[in-house]
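**Student:** Quick one: sequence and predicted model below, then my questions.
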Amino acid sequence: MEFFDRFIVPNPSPTIYASMVAIGLTIIAILAGLTYFRKWGYLWQQWLTTVDHKRIGIMYLISALLMLFRGGVDALMMRAQTAIPENTLLNAQEYNEVFTTHGVVMILFMAMAFVMALMNFVVPLQIGARDVAFPRLNALSFWLYFMGAMLFNISFVVGGSPDSGWTSYFPLAGNEFSPSVGTNYYMLAIQIAGLGTLITGINFIVTILKMRAPGMKLMKMPMFTWTALITNVIIVFAFPVLTVALAMGTMDRLFGTNFFTTTNGGMDMLWANFFWVWGHPEVYILILPAFGIYSEIIPTFARRNLYGYKSMVVSIVAISALSFVVWVHHFFTMGQGALVNSIFSITTMAIAIPTGVKIFNWLLTLWKGKIRFTVPMLYSLGFIPIFTIGGVTGVMLGMASADYQYHNTMFLVAHFHLVIIPGVVFAMIAGMTYWWPKIFGFMLNERIGKWSFWFIAISVCLTFFPMFISGLDGQARRMYTYSESTGYGIWNGLSFIGAIGLAIGFALIVYNIYYSTRYAPRNIGSDPWDARSLEWATHSPVPEYNFAIVPHVNSSEAFWDAKKNGHDLFPGEYKKIHMPNNSGLPFVLSAFFFVFGFAMVFSMWTLAILSVLGIFGCMLYRSFEKDHGHYISVKEIKETEKKLGGI
């Protein structure tokens, strides 16, 4: 029993044991259901081995929703713990683990998965491509992300979660102050998932640059595709920095090197610099696709073309460049001096300018528009004022001298969440709702969707506005308790009520998916939202091959102009279509990465070596594999087109 408590559950508590039971029962139920309904073959053939960008996008979407639930439970526990002074719901160690996993899960495994989900599904359709440039690499990207997420999440019940914050600063993350294996999970799980993200970045840059439909110049691309392109450029430049930092941190913990130690020639601030050289561009990796989504939704439901297309593109490029020169504003108080602080304070304020350009472009798109208040439009409109408040408080934090007052207080927590929630979560929900008919062939219920929006929008304000007050009054973040004399209780109580409202709003989204899956009418047609992007010139849902005939593009609003001016988007005749075969290799290869990560966490060197041999074995097999894909005949295409009812 002592071994069980130290190795499997190092911090035993009723919460941990209840979670273990719940997870175990869920796994048993899933396995029993797959066996009873004889779905193992279907699962393997259609999903686990798929290389179809649309199915991969759906798997990213499901993963993102699961991680949203996982991170949301952490958030509720934190808000419940701080709702009243001197609460004993969680002890200090449990609270440290909860806020650490909440940050990692929400940023790296929820928000990133949501971005990748919509990027995977929509971008090839918007540019008129039948898939991404490298379908098998795309599948490998997903499975590496998924295995990294699963490796990180099992730390909750096997070995202990990381407890040194989502930034995992050294020396706190070193063996001296974090002796458990939790930080090992952090280093290795993010490394595996980050490798998948880096592969995705390369894949989509090639896809967008080399696979656009005939006639689609760069300045004719839809805005979401533009933001996807710039996002993936940032990924390719930023993620190698994180990869190197994680590798160095892993070596410090497992092999006794001294990259980030405070002795023997190490430099703990080197980690902070590496982390934020990646970490601040990471914010824009999340935000820019969200801007692209809003730039698709707002023109659609304002019945107007996007105002200032060229200025939007220029501002995206400017943001991507500036995102790499602001990282020091995350540690103004750590002693780098007035000159350095001043330089990064100026660049921080400068990045607000291209962001402000976008806000005005959206407002001018709405000006004199015939606005329809659909669910995606409500999230887009709600985003503007809440995000603006978050952004303005970010400029306040960007003033180096003032940051000495704000730093490491709840004011910072409020700022960050009022940027990320409307800037990313609102956009992902809006994009999911907006493109849901294209993905699944039916619409989500509008009434339930509007209820969930109002719960979420109001609750976001109720949760985080009080933190501005308590933060300015001196409440430090990451503190698991406080005394009644501080006066923070009322503000934290309001935040807890807001967190409950957020939970209700997200639960309504889940219920909406269930309700609409059962009761929504199918065969809604190809244009349920009267949208104008090229992807709406395909069936709902989209068949395996995307486009029976490759489209030809004449403008940035190809579908709209084709309908208006009588252009033929699809000149030519049906021809047989070549598609890649499914492959189980990405799943198997990523499974070896999972085993490698788990073995390294616990220093199981024999198992680690065997898993490395498995990884190289898969790569060797792939180098000699002969797979020429398969063809869809003209007869099959015509039958599918007839069944789907045309475009």
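**Tutor:** That came in fine, so what should we check first?
**Student:** Which stretches in the stretch 501-647 of the chain count as strands?
**Tutor:** Under the criterion DSSP state E, counting those that start in this stretch, the stretch 501-647 of the chain carries strands at the ranges 577-579, 630-632.
**Student:** Mean neighbour count, those: which tops it?
**Tutor:** Greatest average neighbour count among these goes to strand 577-579 (a mean of 17), per mean count of other CB atoms under 10 Å. Where C-beta positions appear, they are placed from N, C-alpha and C, glycine not excepted.
**Student:** Need the residues that contact that one.
**Tutor:** 130-131, 544-545, 548, 629-632, 637 (CB atoms under 8 Å, 6 or more residues apart in numbering).
**Student:** Which of those sits closest to Ile205?
**Tutor:** Asp131 (15.3 Å; CB to CB).
**Student:** how near is the nearest residue to the closest one once chain neighbours are set aside to Leu125?
**Tutor:** The spatially closest residue to Asp131, leaving aside those adjacent along the chain, is His53, at 5.2 Å (CB to CB, 6 or more residues apart in numbering). Shown here: His53 relative to Leu125, a distance of 9 Å by CB to CB, to the nearest Å.
**Student:** Comparing those two, which shows the higher neighbour count?
**Tutor:** Legend: neighbour count by other CB atoms under 10 Å for His53 and Leu125, higher for His53 (27 against 24).
**Student:** and the more buried one, what does it touch?
**Tutor:** By CB under 8 Å, 6+ apart, the residues touching His53 are 120-121, 124, 131-132, 135, 138.
**Student:** what's the farthest-apart pair in the residues you listed?
**Tutor:** Phe121 and Pro135 (13.8 Å).
**Student:** thinking again about what came up before, how much space separates the residue nearest to Asp131 from Ser63?
**Tutor:** 15 Å.
**Student:** one step back: would you turn the strands of the stretch 501-647 of the chain into CSV with distance to Phe114?
**Tutor:** Below are the strands of the stretch 501-647 of the chain laid out as CSV (distance: least, CB to CB, whole Å):
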stretch, distance to Phe114
strand 577-579, 27
strand 630-632, 31
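**Student:** could these go into TSV alongside mean pLDDT and distance to Phe440?
**Tutor:** As requested, those are exported to TSV (pLDDT from 0 to 100; distance: least, CB to CB, whole Å):
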stretch	mean pLDDT	distance to Phe440
strand 577-579	90	21
strand 630-632	89	22
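**Student:** quick one: which of these is nearest Phe593?
**Tutor:** Set against Phe593 and scored by CB to CB, the strands of the stretch 501-647 of the chain come closest in strand 577-579, at 27.0 Å.
**Student:** Paired strands for the closest one, with orientation please.
**Tutor:** In the sheet, strand 577-579 lines up against strand 630-632 (antiparallel) (DSSP bridges).
**Student:** any residues touching the partner strand, and which ones?
**Tutor:** 544-545, 576-579, 581.
**Student:** quick one: that strand to chain centroid distance?
**Tutor:** Strand 630-632 sits 33 Å away from the centroid of its parent chain (CA atoms, centre = their mean, to the nearest Å).
**Student:** who's in contact with the closest residue to Asn582 other than its chain neighbours?
**Tutor:** Once flanking residues are discounted, Asn582 sits nearest to Thr49: 4.2 Å by CB to CB, 6+ apart. Going by CB under 8 Å, 6+ apart, Thr49 touches 139, 582-584, 587.
**Student:** can you pick the most crowded of the residues you listed?
**Tutor:** Ala139 (29 neighbours).
**Student:** Ser583 is in contact with that one, correct?
**Tutor:** Yes - counting by CB atoms under 8 Å, Ala139 touches Ser583, with 6.9 Å between them.
**Student:** can you list residues touching both of those two?
**Tutor:** Shared contacts of Ala139 and Ser583 (CB under 8 Å, 6+ apart): 49, 51.
**Student:** Could you work out the end-to-end span of stretch 568-584 for me?
**Tutor:** Distance across stretch 568-584, first residue to last, is 39 Å (CA to CA, to the nearest Å).
**Student:** what does stretch 317-326 give?
**Tutor:** Stretch 317-326 end-to-end distance (CA to CA) = 15 Å.
**Student:** where does the stretch 501-647 of the chain dip in pLDDT?
**Tutor:** Counting by pLDDT under 70, the stretch 501-647 of the chain contains low-confidence residues at 522-534, 536, 645-647.
**Student:** now the stretch 301-450 of the chain
**Tutor:** Judged by pLDDT under 70, no stretch of the stretch 301-450 of the chain qualifies at all.
**Student:** So for Phe134, what's the nearest residue that isn't a sequence neighbour?
**Tutor:** Nearest non-adjacent residue to Phe134, counting by CB to CB, 6+ apart: Asn203, 5.1 Å away.
**Student:** right, and that neighbour touches Asn138 too?
**Tutor:** Yes - counting by CB under 8 Å, Asn138 is a contact partner of Asn203 at 5.7 Å.
**Student:** So for the two, which residue has more residues nearby?
**Tutor:** Comparing Asn203 with Asn138 by other CB under 10 Å, the one with more neighbours is Asn138, at 28 against 22.
**Student:** and the more buried one, what is it in contact with?
**Tutor:** Under the criterion of CB under 8 Å, 6+ apart, the neighbours of Asn138 are 51, 53, 56, 120, 131-132, 200, 203.
**Student:** One more pass at 7 Å, please.
**Tutor:** By CB atoms under 7 Å, 6 or more residues apart in numbering, the residues touching Asn138 are 51, 53, 56, 132, 203.
**Student:** Can you flag which of those belong to helices?
**Tutor:** 53, 56, 203 (DSSP state H).
**Student:** and the helix ranked longest in the chain, which residues are buried?
**Tutor:** Longest helix in the chain by number of residues, with DSSP H as the criterion: helix 268-302. Buried residues in helix 268-302, counted by 16 or more other CB atoms under 10 Å: 268, 271-302.
**Student:** name the helices or strands packed onto that helix?
**Tutor:** Helices and strands touching helix 268-302, by 3 or more CB pairs under 7 Å, 6 or more residues apart in numbering; DSSP states H and E, are helix 112-126, helix 223-255, helix 309-322, helix 352-366, helix 375-397, helix 426-440.
**Student:** swap the cut-off to 8 Å and go again
**Tutor:** Secondary-structure packing of helix 268-302 (3 or more CB pairs under 8 Å, 6 or more residues apart in numbering; DSSP states H and E): helix 112-126, helix 223-255, helix 309-322, helix 352-366, helix 375-397, helix 410-420, helix 426-440.
**Student:** Just the residues contacting the third one, thanks.
**Tutor:** To tie it back to what came earlier, the one meant is helix 309-322. Contacts of helix 309-322 (CB under 8 Å, 6+ apart): 219, 223, 226-227, 230, 233-234, 281, 284, 288, 291, 295, 306, 347, 350-351, 353-355, 357-358, 361, 556.
**Student:** Mind listing what's buried along it?
**Tutor:** Residues of helix 309-322 classed as buried under the neighbour-count rule (16+ other CB under 10 Å) are 309, 312-313, 315-316, 318-320, 322.
**Student:** how far is the next helix or strand after that helix from where the chain is centred?
**Tutor:** Following helix 309-322 in sequence order, the next helix or strand is helix 338-350 (DSSP states H and E). Helix 338-350 sits 29 Å away from the centroid of its parent chain (CA atoms, centre = their mean).
**Student:** So for helix 338-350, what gets flagged as buried?
**Tutor:** By 16+ other CB under 10 Å, the buried positions in helix 338-350 come out as 341, 344-345, 347-348.
**Student:** okay, and for the stretch 1-150 of the chain, where does confidence drop off?
**Tutor:** Within the stretch 1-150 of the chain, the ranges that satisfy pLDDT under 70 run 1-13, 15-16.
**Student:** Which residue ranges of it form strands?
**Tutor:** In the stretch 1-150 of the chain, no strands are found when defined by DSSP E, counting those that start in this stretch.
**Student:** measure Ile84 to Thr463 for me?
**Tutor:** For Ile84, the distance to Thr463 equals 16 Å [CB to CB].
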